[in-house]
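*Asks:* Output the structure for:
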Amino acid sequence: MRVTHSSLDLNLLLALDVLLEESSVTGAAERLHLSEPAMSRTLGRIRKALGDPVLVRAGRSMVPTPRALAMRGEVRAVVERARGIFLAREGVDPSSLERTFTVIAADALTAVLGGPLLGRLAREAPGVRLRFLPESPSDAPVLREGRADLEVGVIDSRSPEVRVEPLYRDRMVGVVREGHPLLGGRVTARRFAAADHLISSRRGRLHGPVDAALAQLGLSRRVVGSVGTFPASLHLLADSDLVGLATAGSARLPHRLGLRTFEVPLDLPPLDMALAWHPRHDADPAHHWLRELVRQESLRQAGEEVTGRAAGATAPGA
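*Replies:* Sure, this is the predicted structure:
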């Protein structure tokens, strides 16, 4: 089908954007306040205009076609630019805003930040939904491709055009169960290295900055295992004599499980926490509002956990 100026319906772009985000006719219909039959007809028009199925059945769900995946970032960019054109002058009223934002963050950060953010949305912007996704093991360019609106955390790889705004500086602390033998005296680098260690790594790594810092002292540690998520590591630490790590900003999570934190007696690199987004969102007042919201809550939740010593932490050894 040849699309002409007279036949072009820009509403189809908005519908396509939502369909690709939801991968569901039902979900897209709810987002756009349409009936399912109306949304199905819209999908039919999109398929006819593009000459592509766009979404196909895979069991009980629907998945985007390769062409739909390839165009997802461009579709999102066009929709965001259009929103920016129409909303730039009038700004945004959070109480009447209806959007779904996707935020990439480490699971520990999501656990600390998610509750306060969702609480504020319930009070200030009930029409806004947040979709938290974990960091990708492959470092895929999710911001550039439009698969996420915002990334929060240590931005260690990025596309050249991605905007990055520093938030605060965090650090690593050790985590062990209550009564762990390591807490029976001063935690020195040698005693720390002699313990068995557990790593939390989305990539399944068995080494990290701790090993580099120990090597500079002529020491090494024994890593007995690696788990993909931080919460999983905490439960393993609670039932063993393994030693793990957490950020000072997330120290309240192990404390809630009765675990103890302590200062790591090593010169570890700091963790520079930041916000990252694609510049296509610069002119979008709703996205600007989201960034400000996440910025405020990130700094509030970090608080004294980051700038001071983690609560209950043992002083570092020599």
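*Asks:* Please, where are all the helices along the stretch 101-250 of the chain?
*Replies:* 107-124, 189-194, 209-216, 230-238 (DSSP state H, counting those that start in this stretch).
*Asks:* Just put those in TSV and tack on distance to residue 154.
*Replies:* No exception for glycine: its C-beta is placed from N, CA and C like everyone else's. Shown next, in TSV, are these (distance: least, CB to CB, whole Å):
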stretch	distance to residue 154
helix 107-124	9
helix 189-194	23
helix 209-216	11
helix 230-238	13
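*Asks:* what number of residues lie near the nearest residue to residue 269 once chain neighbours are set aside?
*Replies:* In this structure, residue 269 finds its nearest non-sequential neighbour in residue 209, 5.7 Å apart by CB to CB, 6 or more residues apart in numbering. As a burial measure, residue 209 scores 14 neighbours (other CB atoms under 10 Å).
*Asks:* wait, isn't residue 209 in contact with residue 270?
*Replies:* No. Using CB atoms under 8 Å as the test, residue 209 is too far from residue 270 to be in contact (10.4 Å).
*Asks:* Report the contact partners of residue 161.
*Replies:* 144, 278, 279 (CB atoms under 8 Å, 6 or more residues apart in numbering).
*Asks:* got a winner among these for most neighbours?
*Replies:* Going by other CB under 10 Å, residue 278 tops these with 25 neighbours.
*Asks:* List the buried residues for stretch 26-34?
*Replies:* 27, 28, 29, 31, 32, 34 (16 or more other CB atoms under 10 Å).
*Asks:* list the contacts for the fourth one?
*Replies:* The neighbourhood of residue 31, defined by CB under 8 Å, 6+ apart, consists of 18, 22, 98, 100.
*Asks:* Could you say which helix or strand holds it?
*Replies:* helix 25-32 (DSSP states H and E).
*Asks:* Report the backbone C-alpha coordinates of that helix in CSV.
*Replies:* The C-alpha coordinates for helix 25-32 follow below in CSV (Å, rounded to 0.1, in the frame of the first residue of the first chain):
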residue,chain,number,x,y,z
VAL,A,25,-3.8,-5.6,21.9
THR,A,26,-5.6,-5.7,25.3
GLY,A,27,-2.9,-3.7,27.0
ALA,A,28,-2.7,-1.1,24.2
ALA,A,29,-6.5,-0.8,24.2
GLU,A,30,-6.5,0.0,27.9
ARG,A,31,-3.7,2.6,27.5
LEU,A,32,-5.5,4.3,24.6
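*Asks:* what about the stretch 101-250 of the chain, any weak spots by pLDDT?
*Replies:* Low-confidence segments of the stretch 101-250 of the chain, defined by pLDDT under 70: 137-140, 157-159.
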